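>>> Sequence isn't available, so here's the structure alone:
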């Protein structure tokens, strides 16, 4: 499952500078013959999830690739985020502060 | 990819009452030889994403199955949420209100 997650994308050539990546997939499998499903739900959820990610990593729009898929009664939203070196540092310092807070 | 998402679970016997399901997967692929990764990041992210889901669907803890996986430099968090009929109705009414608000 893990490899297949990122395997869908051409793996960045490992010889080139490897990039840290975050992938978020939301799949909504509806009742067998529910009416047309609710793309608005996944679109709203996507905005809210991105807001959550931005609490940890200050990502810009260009770093984010969003795709929506539908297959029968299943809607799938996929967010692919490429993290920069600065994002990596931002994430580390936020998590460090959180762990200090939780120990005090 | 869609089928494989839910395919990981035994599909509920379609003859029995089909359940609406939501699956959220967060995969964090770290730099090639970054130190041990950041499970705290995915755990915090998971709590925040669940908070977001609860804005749409009032899910209880028993409806949620959470699993964490690690494979080399990739950490994967998986949330599986089984929705009840009431959740389905709650979601529909929230989305309806949102669409009315957006048109006014």
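Nice, thanks for sending it over. Fair warning: this is a prediction, and the values are worked out from it, not measured in the lab.
>>> In which helix or strand does residue A:95 reside?
If you go by DSSP states H and E, residue A:95 is part of helix A:85-103.
>>> Chain A: helices as residue ranges?
With DSSP state H, the ranges of helices along chain A come out as A:2-7, A:39-56, A:85-103.
>>> now these in TSV, with mean neighbour count?
All C-beta spots, glycine's among them, are computed from the backbone N, C-alpha and C. Output for these, formatted as TSV (neighbours: other CB atoms under 10 Å in any protein chain shown):
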stretch	mean neighbour count
helix A:2-7	15
helix A:39-56	16
helix A:85-103	12
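>>> Okay, the spatially closest residue to residue A:41 that is not a sequence neighbour and residue A:102: tell me how far apart.
Among residues not flanking residue A:41 along the chain, residue B:95 sits closest, at 5.8 Å (CB to CB, 6 or more residues apart in numbering or on different chains). From residue B:95 over to residue A:102 the distance is 36 Å, taken as CB to CB, to the nearest Å.
>>> How about residue A:28?
Residue A:28 is 33 Å from residue A:102, by CB to CB.
>>> Ok, residue A:75 next?
36 Å.
>>> again with residue A:61
Distance from residue A:61 to residue A:102, by CB to CB: 32 Å.
>>> Run through chain A and note the low-pLDDT ranges.
With pLDDT under 70 as the threshold, chain A has low-confidence stretches at A:1-18, A:32-38.
>>> Show me what the most centrally placed residue in it is bridged to.
The C-alpha lying nearest the average C-alpha coordinate of chain A belongs to residue A:24 (CA atoms, centre = their mean; 2.9 Å). According to DSSP bridges, the residues that bridge with residue A:24 are residue A:79, residue B:26.
>>> No further queries at this time; thank you.
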